[in-house]
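Q: I'll drop the sequence and a predicted model, then ask my questions.
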Amino acid sequence: MLFRKVSTIIGGALLIISIAALITGGSLGRVVPERYELSTLQSTPENPLLNAPEEEPVETEKITRIPAEFEALDYVILSYTGNNPEFYDFIRQLLPVTKVLLIKDNGISDERLFADLEKHSIPTDDQNLFIKEYPIDTYWVRDYGPMLILKDGKPTIVDFSYKTRNINRQQDDSIPYLLSEELNTEYLSTDIRLLLGNFMTDGRGNCYSSTSLYEEAVTDELSESDIDDFFHSIGCDTIRTLTKLEDERTTHIDMFAKFVNENTVIVASMENDTNTNILDENARQFEEWGYKVVRIPIPQRWLTYINLLLVNGHAFIPSYRASEEELGVLEEQIGQTFRDLGLVPHFIPSSYLIQRNGAIHCTSMQVPRIEA
């Protein structure tokens, strides 16, 4: 279990206690250290096993892997900033299924959070609800991480730069480091600019992004080869890119593609749109790589059903029927598609979020289950 819940009841109110502050007597709000140069992140040969004969040194085999989103999860991370009206339906449906680590912006009082949760019929004493307080800028948890990889079965947090050409959210960018301190995990930082909505893997070492990966990440200091080398070092045997959507602001792969198991990927489709051929070609490419492809339509820009979260056999899918009543029939069909794939569908209102260029996947981050 990667997190533990420390709370107490004082005067009938739940008080959040910082685990790290209890242990160290210090504050969590410290400055993130300078990011390491890429050259310092290269792997080095392991020392020979202690019991190996001197004349025949044996090196330990190190396995580095990035778990896929469809694998078993321990937690889902959400954030509370007080300005996402669709947050409540999401967390209410998540809590019966999984533990939720809720990051509360430290500028919001505990009283406001608990009153808000109770107002929306979300019990603050739910055994699956864990609350941490950090300074944050936004609720777009997916993009600022953390990415958690496994090195010999042990967790390591990888922290990409959240400072892109259009974004500079320093508080959000500090979250992976702060969580690595809280969890006492290894921490790996890089200057490579990547929002994690633009990354996915099949769990077998094949990693995917849209073509905007290199457009955003390549700089005068970092070449495509440098970026590929780093991804190889964290568990990507292959790095493949799919053509980004035209006129879609995020350019992220999670708007049009999603692995539901190691052999099956959902790819969006569109009719009579400049992206029709792009999506058809992306689907054909996945088939060429050996995957079974399931198509789910985007009925209009940009009402995507692909921006979903998989949690231990459940699929939390965006819903837009509140603002577009005619989508009810389509969403029933989509629900059946997920049931046919062996997943339990849960539709989460997302009309507010999609107008801000995101949905369910963009506001959540999975924490894979680490076997002892």
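A: Good, I have the coordinates.
Q: all helices for the stretch 151-300 of the chain, in order.
A: If you assign secondary structure with DSSP state H, counting those that start in this stretch, the helices in the stretch 151-300 of the chain sit at 170-173, 175-183, 212-217, 224-233, 276-288.
Q: Could you list every helix and strand in contact with the third one?
A: Pointing back at helix 212-217 there. Packed against helix 212-217 by the contact rule (3 or more CB pairs under 8 Å, 6 or more residues apart in numbering; DSSP states H and E) you find strand 186-193, helix 224-233. Any C-beta I mention is one placed from the backbone N, CA and C, and that applies to glycine too.
Q: what residue ranges in this structure are flagged as low confidence?
A: Low-confidence segments of the chain, defined by pLDDT under 70: 1-62, 164-166, 323, 372.
Q: coming back round to it: in a markdown table: the helices of the stretch 151-300 of the chain, plus mean neighbour count.
A: Formatted as a markdown table, the entries for the helices of the stretch 151-300 of the chain read as follows, by neighbours: other CB atoms under 10 Å:
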| stretch | mean neighbour count |
| --- | --- |
| helix 170-173 | 19 |
| helix 175-183 | 22 |
| helix 212-217 | 19 |
| helix 224-233 | 16 |
| helix 276-288 | 16 |
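Q: Include distance to Ile122 when you put the helices and strands packed on helix 212-217 into CSV, please.
A: As requested, those are exported to CSV (distance: least, CB to CB, whole Å):
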stretch, distance to Ile122
strand 186-193, 32
helix 224-233, 38
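Q: closest one to Ser364 among the ones you listed?
A: For these, distance to Ser364 was read as CB to CB. The smallest value, 21.3 Å, belongs to strand 186-193.
Q: To what extent is the nearest residue in space to Lys151 that is not next to it in sequence buried, counted in neighbours?
A: The spatially closest residue to Lys151, leaving aside those adjacent along the chain, is Thr64, at 5.0 Å (CB to CB, 6 or more residues apart in numbering). The local packing of Thr64 (other CB atoms under 10 Å) involves 16 other residues.
Q: show me what contacts Asp102?
A: If you look again at residue 102, you'll see it is Leu, not Asp. In this structure, Leu102 makes contact with Ile77, Leu78, Ser79, Tyr80, Ile91, Leu129, Phe130, Ile131, Lys132, judged by CB atoms under 8 Å, 6 or more residues apart in numbering.
Q: err, Val311, not the other one
A: When contacts are counted by CB under 8 Å, 6+ apart, Val311 touches Leu73, Val76, Leu94, Val97, Thr98, Gln366.
Q: Closest one of those to Ile227?
A: Using CB to CB, the shortest approach to Ile227 within those belongs to Gln366, at 23.5 Å.
Q: mind checking the SS state of that closest one?
A: Three states are possible here, and by DSSP: H, G, I helix; E, B strand; the rest coil the one that applies to Gln366 is strand.
Q: Who does the closest residue to it other than its chain neighbours form a beta bridge with?
A: Counting by CB to CB, 6+ apart, Leu73 is the residue found nearest to Gln366 once chain neighbours are left out, at 4.9 Å. With beta bridges defined as DSSP bridges, Leu73 has these partners: Pro368.
Q: Likewise for Glu186?
A: Applying DSSP bridges to Glu186 gives these bridge partners: Thr156.
Q: quick one, what contacts it?
A: The neighbourhood of Glu186, defined by CB under 8 Å, 6+ apart, consists of Lys151, Lys154, Pro155, Thr156, Ile157, Ser180.
Q: got a list of what the last one touches?
A: Spelled out, that is Ser180. For Ser180, the contacting residues are Pro146, Ile157, Asp159, Glu186, Tyr187, by CB under 8 Å, 6+ apart.
Q: Among those, which one sits closest to Leu117?
A: Nearest to Leu117 among the contacts of Ser180, counting by CB to CB, is Pro146 at 24.3 Å.
Q: roughly how far apart are the closest residue to the closest one other than its chain neighbours and Arg284?
A: Closest residue to Pro146 apart from its sequence neighbours, by CB to CB, 6+ apart: Pro176 at 3.6 Å. Noted for Pro176: a distance of 35 Å to Arg284, by CB to CB, to the nearest Å.
Q: which phi and psi does the residue lying closest to Arg204 once chain neighbours are set aside have?
A: The shortest distance from Arg204 to any residue that is not its chain neighbour, by CB to CB, 6+ apart, is 5.8 Å, and that residue is Glu262. With angles defined as degrees, to the nearest 10, Glu262 sits at phi -70, psi -10.
Q: List the beta-bridge partners for Ala268.
A: Taking DSSP bridges, one finds Ile296 as the beta-bridge partners of Ala268.
Q: got the contact list for it?
A: Counting by CB under 8 Å, 6+ apart, Ala268 makes contact with Met255, Phe256, Ala257, Leu279, Arg295, Ile296, Pro297, Ile298, Thr304, Tyr305, Ile306.
Q: Show me just the buried residues among those residues.
A: The neighbour count (16 or more other CB atoms under 10 Å) marks Met255, Phe256, Ala257, Leu279, Ile296, Pro297, Ile298, Thr304, Tyr305, Ile306 as buried among the contacts of Ala268.
Q: What number of residues are in the vicinity of the residue nearest to Arg204?
A: The tally of other residues near Glu262 (other CB under 10 Å) stands at 15.
Q: Show me where the stretch 201-350 of the chain has its strands.
A: Read by DSSP state E, counting those that start in this stretch, the stretch 201-350 of the chain holds these strands, from start to end of the chain: 206-210, 238-242, 257-261, 264-269, 292-297, 309-311, 314-319, 344-349.
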